[in-house]
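Q: No sequence on hand, only this structure:
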């Protein structure tokens with residue numbers, strides 16, 4: 001094989017890899033857009049029977065039980081919400097949360113919206 005044909009083969013393979021990589025990146029971007037809603041920067045929400053997040057990540061202060069999480073308008077099924085407990089609050093199944101749990105301070109609790117209920121990670 002000549003030097004020129006080896007160079008063409010190498011460039012051809014690099015082009016295929018680049019095209020596959022660009023497709024994967026495009027797919028990942030579209031999946032991420034579907035799975036997450038955008039909101040303001042993280043803020044602290046006080047634990048209460050109902051909380052109303054405005055973004056993807058919030059610290060939660062207090063120890064009151066949370067039964068309902070208001071679904072943000074831009075949150076479609078599969079969107080995720082990360083709550084970072086500043087204290088040990090609980091969640092109950094009395095509202096739109098599928099599993100009762102006890103939050104652990106400083107351990108992120110990730111909830112995924114399935115269109116009907118929030119499903120906590122622990």
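A: Cool, the structure landed. In this text the structure is predicted, and so the values were computed from the model without any measurement. Residues are numbered from 1 along each chain as shown.
Q: Just the pLDDT at residue 1, thanks.
A: With respect to pLDDT, residue 1 scores 58.
Q: just the one 5 residues further on next, same as before
A: The model reports residue 6 with a pLDDT of 53.
Q: Equivalent analysis for residue 108, please.
A: At residue 108, pLDDT is 96.
Q: Over to residue 43?
A: pLDDT, residue 43: 88.
Q: now swap in the one 4 residues further on and tell me
A: What the model reports for residue 47 is a pLDDT of 98.
Q: thought it was touching residue 69?
A: No: distance between residue 47 and residue 69: 11.1 Å, which falls outside the contact criterion (CB atoms under 8 Å). Yep, even glycine has a C-beta here, placed from its N, CA and C like the rest.
Q: list the contacts for residue 92?
A: 65, 66, 67, 100 (CB atoms under 8 Å, 6 or more residues apart in numbering).
Q: again with residue 108
A: Under the criterion of CB under 8 Å, 6+ apart, the contact partners of residue 108 comprise 82, 83, 84, 121.
Q: One more pass at 7 Å, please.
A: Under the criterion of CB atoms under 7 Å, 6 or more residues apart in numbering, the contact partners of residue 108 comprise 82, 84.
Q: low-confidence ranges in this structure?
A: By pLDDT under 70, the weakly predicted segments of the chain are 1-41.
Q: where exactly do the strands run in it?
A: 44-46, 50-51, 57-61, 68-69, 80-85, 90-91, 101-102, 109-113, 118-120 (DSSP state E).
Q: I'd like the ones you listed laid out as TSV, including mean neighbour count.
A: Formatted as TSV, the strands of the chain follow (neighbours: other CB atoms under 10 Å):
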stretch	mean neighbour count
strand 44-46	13
strand 50-51	15
strand 57-61	17
strand 68-69	20
strand 80-85	20
strand 90-91	19
strand 101-102	15
strand 109-113	19
strand 118-120	19
